[in-house]
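Visitor: Give the three-dimensional model of this entry:
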Amino acid sequence: MKLVKTPAGQQALKDRSAALSPRQRSAFILFDGQRSTADVLAATQGLGFTQTDVEYLVGMGLLAPSAPVPAAAPAEQAGEAPLSTSADRYRSAYPLAAQLTAGLGLRGYRLNLAVEAATDDAQLLALLPRIQEAVGVEKCVALAHALKS
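Guide: Sure thing, here's the model as predicted:
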């Protein structure tokens, strides 16, 4: 099952208002509607994040099942369709930026906070040079493409 942050979850992440342990917060960032719960559990196994933690986050209303994605038109499947709106670019770029900065650990803590605080694609685009400097330009190709398409 793929889970996504709810609006309440997004707000709790930005405000740091939810009662989340450090391992729950680290794993919570990875729930983007693209990864399955099993993928997130595997990626955070070393942190001690478990299915019980997932159930807690769902029970708190911070995560919900992602909506099924409608079948894409052939041009979209081929990757030819650019992201048409600012919201589309943000939805595409935010998980990439969060994943890149979350992987930096304490070294990228402030940058990760800046990504979490970004509310639109323009703010993420402004952070792109800092992210590229921190993780390398080659790792940011997908993020740059998502923000500039």
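Visitor: Can you work out which other helices and strands pack against whichever strand or helix holds E116?
Guide: Using DSSP states H and E, E116 falls within helix 109-117. Applying 3 or more C-beta pairs under 8 Å, 6 or more residues apart in numbering; DSSP states H and E, we find helix 109-117 packed against helix 7-15, helix 86-102, helix 121-135. Glycine gets a C-beta too; all of them are placed from N, C-alpha and C.
Visitor: Go through the ones you listed and pick out the most buried.
Guide: Counting by mean count of other C-beta atoms under 10 Å, helix 86-102 has the highest mean neighbour count of those, with a mean of 20.
Visitor: Could you check the angle it makes with helix 121-135?
Guide: Relative orientation of helix 86-102 and helix 121-135, computed by axes from the mean of the first three to the mean of the last three C-alpha atoms, to 10 degrees: 20 degrees.
Visitor: So the residue most central in space within the chain versus T50, what's the distance?
Guide: With distances taken as C-alpha atoms, centre = their mean, the chain has P95 as the residue nearest its mean C-alpha position (2.6 Å). Plainly put, P95 is 22 Å away from T50 if you go by C-beta to C-beta, to the nearest Å.
Visitor: Can I get stretch 138-149 in PDB, CA atoms only?
Guide: Written as PDB, here are the backbone C-alpha positions of stretch 138-149 (Å, rounded to 0.1, in the frame of the first residue of the first chain):
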ATOM      1  CA  GLU A 138      24.400  14.700 -10.900                       C
ATOM      2  CA  LYS A 139      22.100  13.500  -8.100                       C
ATOM      3  CA  CYS A 140      19.800  16.500  -8.600                       C
ATOM      4  CA  VAL A 141      19.100  16.000 -12.300                       C
ATOM      5  CA  ALA A 142      15.600  14.600 -11.700                       C
ATOM      6  CA  LEU A 143      14.800  17.400  -9.200                       C
ATOM      7  CA  ALA A 144      16.000  20.100 -11.600                       C
ATOM      8  CA  HIS A 145      14.000  18.600 -14.400                       C
ATOM      9  CA  ALA A 146      10.900  18.400 -12.200                       C
ATOM     10  CA  LEU A 147      11.300  22.100 -11.200                       C
ATOM     11  CA  LYS A 148      12.000  23.400 -14.600                       C
ATOM     12  CA  SER A 149       9.600  21.500 -16.800                       C
END
